[in-house]
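Asks: here's my sequence, what's the structure:
(chains A and B)
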Amino acid sequence: MKMEKLTSPYKWGMVIDLDRCTGCGACVVACQAENNVGISDKKQISEGRDMHWLRIERFWVGEYPDVRARFLPVMCQHCHDAPCEPVCPVYASYHNPDGLNGQVYNRCVGTRYCGNNCPYAVRVFNFYTQEWPSPLDNQLSPDITVRSRGVMEKCSFCIQRIRRVKEEAKGEGRLIRDGEVQPACAQTCPSEAMTFGNLADHRSRAARLARSPRRFHLLENLGTHPSVIYLKGGGREHV
Amino acid sequence: MSDTGVTPKSASQLNDEMLSSMRPPTKRWFILAFFLGLVVAWGLGAFTWQVTHGMYVTGKNRPCMWALYITGFVFWVGMSHSGTMVSSILRLSQANWRRPILRAAEAMTVFSITVAGLFPLIHLGRNWIFFYLIPYPNQRGLWPNFRSPLLWDMMAITTYIIGSSLFLYLGLLPDLAIVRDRSIGWRRTLYTILAMGWRGSAHEWSVYHKASTLMAALIIPVAVSVHSIVAWDFAVTVVPGWHSTIFPPYFVIGAILSGIAAVITLMIIIRRAFHLEEYLTAQHFDNMGKLLLMISLLWAYAYFVEVQTTWYAHEPIEWEVFQFMAGKYTLPLIIMLIGNAVLPITAMCFKKLRRSIGMMLVVSLWVNVSMFLERFLIIVPSLSHKNMPFMWNVYHPSLVESSVNLGALAGFALMYTLFCKLFPIIGVTDVRELEVRQAEVAMGRARLASIAGKDE
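Replies: Reported below is the predicted structural model:
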């Protein structure tokens, strides 16, 4: 077998402008609908076993009555030096050439080591057998595996959408155009806080935004080199 | 061992006494085995429940993805250390008092590493495909990830199970031959096969001595590496409270501490159950107590270094983990510190206490409870308060997890109980070798016991 060098013209990334995020949670719902994410009831959520691939962290800033809410959408950061990848004993967590942090559900044995080592705690584990009450079962996407209990899952940057567009572009003998593919969360965001794109293309919208002086990474000190870039918000607040 | 002035016992008398554990089982033995079997069955039932229902029957959540099972795993791996360490270090340093203890310690190693090896499989989300972890040839050309500490774990534990079983078996060989010659029926067939035609010729003994010395020397690095690798499961991560360079030596020391305590506990039980007061004397407990004192001091030092570094650096994320641990788990923390450091260090300084069986039982049991708590306090609080405060959570052990852990304890005890009945629990030939070499030497007017000839 010849080993091919895996290079790619793509480096997928996302820029999240915290000044624009209103904390509405539309992205969370969109993600759930797109990716066959299990529906968690009150009990599961209170146990800390919710299946959300994307969460809105809410922080209160200031003292009453001068209190403001700050929102931080957190999903898998698709780190380029991902702590979850080397610890998986079966390569269920791997890095693909497009800079995505992939998860092979069929390969996952459920050691949950990746979940421990993820500093962002964005990996969710199927503690329960997921069930979709009728008629929600009819809207399960055929593009994505329905994960069985005992496996780890997480945000994939809607890899099925990327794959589809990639095939189309390949058929037409070109690269994916900027804005041609969007994950469900970015597509849904009413305030356009999320911008998805190819960070390897310096002219893409995401790459241009990523050069903002407001940019920062979550837990940058750990050196995980995430693909998700945040733009600092709260300029008009007194913090 | 014989004291000065006492007529040496005959060979068959010695054999009889030391093989007392192998007499036909009494009613009490059956009751014990049955009771342990029941607890094991309960644990197995709990595990089956988990496999058929899902991991939600445990108390785990996000971010506490590891908890009581991994605590159990590290604990049992730790227990397994003593056997080898005690046995091989004492063998190599030619400490003669080791002889009656060896077998008990080596058997403990084998059984506790077996129990430990089960935990990583029990804790898998999909236990039924555990073989994905094994590098087996397959059509898809898939290999496991050799960069993962869990794979190192699997290799290390497999190596250790094989190594320590061989170590135990090698030591058993001459004893099996003695037993073979004394037994009838199916037992004779069993021991004939196991003794592999041991006759006790001079050549056999010479080869045996070389092999056991070599094995003792080889098993030490294996033992040290196994627990270092277990420590790396934690140390190589980026989890605050886990990511610490002192973990490998600290874990090895902790392992030896819990192991020595477990050997002491087992010595007390075996001594009582099989009336071996003459062979497991106060001298043995005295020496084991000294060993415990030394290791406990080392443990306290390692623990101090770990906490002190974190405290001095005051890195906020890491310090938060320590504060949370000390705040939420104050009582276990105090019990742990008393059991691992304060109690053994103070009590084991006194000869009188080292020679008191009751005190040794209290100390050794407390050390092991503390070591279990220590592992829990390393694993769970670190995960509860990781880097993202929004995702902090608390872990509560569930009935299923506790049952499986209890079942593991009973399983260990059951294996040990069966082993005692089937195999000599005191190294008969080892002890007798010393008896033969022991001679009375005239020193002026006094006659003193001495070891004649070189002890290998």
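
Asks: ramachandran coordinates for B:Trp366?
Replies: Dihedral angles of B:Trp366 (phi, psi; degrees, to the nearest 10) stand at phi -60, psi -40.

Asks: with A:Ala69 instead?
Replies: phi -90, psi 140.

Asks: go on, A:Glu57?
Replies: Dihedral angles (degrees, to the nearest 10) for A:Glu57: phi -80, psi 130.

Asks: what pairs with it across the strands?
Replies: On the basis of DSSP bridges, A:Glu57 takes part in beta bridges with A:Leu72.

Asks: might one say that it is in contact with A:Tyr120?
Replies: No: using C-beta atoms under 8 Å, A:Glu57 makes no contact with A:Tyr120, being 10.3 Å away. Any C-beta I mention is one placed from the backbone N, CA and C, and that applies to glycine too.

Asks: the two: which is more packed in?
Replies: Neighbour comparison, A:Glu57 and A:Tyr120: the larger count goes to A:Tyr120, with 25 against 14 (by other C-beta atoms under 10 Å in any protein chain shown).

Asks: pull up the gap between that one and B:Ile269, please.
Replies: Counting by C-beta to C-beta, to the nearest Å, the gap from A:Tyr120 to B:Ile269 is 49 Å.

Asks: mutual contacts of A:Glu57 and A:Tyr120, please.
Replies: A:74, B:388 (C-beta atoms under 8 Å, 6 or more residues apart in numbering or on different chains).

Asks: tell me the SS of the residue of chain B found nearest chain A?
Replies: Taking C-beta to the nearest C-beta, chain A has its nearest neighbour within chain B at B:Gly125, 1.9 Å off. Secondary structure state of B:Gly125, per DSSP: H, G, I helix; E, B strand; the rest coil, is coil.

Asks: grab the nearest non-local neighbour of it.
Replies: Nearest in space to B:Gly125, with sequence neighbours left out and distances taken as C-beta to C-beta, 6 or more residues apart in numbering or on different chains, is A:Gly110 at 1.9 Å.

Asks: B:Leu173 now?
Replies: Using C-beta to C-beta, 6+ apart and skipping residues adjacent in sequence, the residue nearest B:Leu173 is B:Trp198, 5.6 Å away.

Asks: doesn't the one you found fall inside a helix?
Replies: No: per three-state DSSP, B:Trp198 lies outside any helix segment and is coil.

Asks: look up phi and psi at it.
Replies: Torsion angles, degrees, to the nearest 10, at B:Trp198: phi -70, psi 130.

Asks: thought B:Asp175 was touching it, still the case?
Replies: No: B:Trp198 lies out of contact with B:Asp175 (C-beta under 8 Å); the separation is 9.4 Å.

Asks: now for the residue nearest to B:Gly125, how many residues are close by?
Replies: Residues contacting A:Gly110 under the criterion other C-beta under 10 Å number 24.

Asks: tell me the secondary structure for it?
Replies: coil.

Asks: kindly report the same for A:Phe196.
Replies: Per three-state DSSP, the local secondary structure of A:Phe196 is strand.

Asks: bridging residues for it?
Replies: With DSSP bridges as the criterion, A:Phe196 is bridged to A:Met14.

Asks: can you pull the contacts of it?
Replies: A:Phe196 neighbours (C-beta under 8 Å, 6+ apart): A:12-14, A:157, A:181-183, A:186, A:206.

Asks: switch the cut-off to 7 Å
Replies: Going by C-beta atoms under 7 Å, 6 or more residues apart in numbering or on different chains, A:Phe196 touches A:14, A:182-183, A:186, A:206.

Asks: over to A:Leu199?
Replies: Here A:Leu199 is in contact with A:11, A:13, A:206-207, A:210, A:227 (C-beta under 7 Å, 6+ apart).
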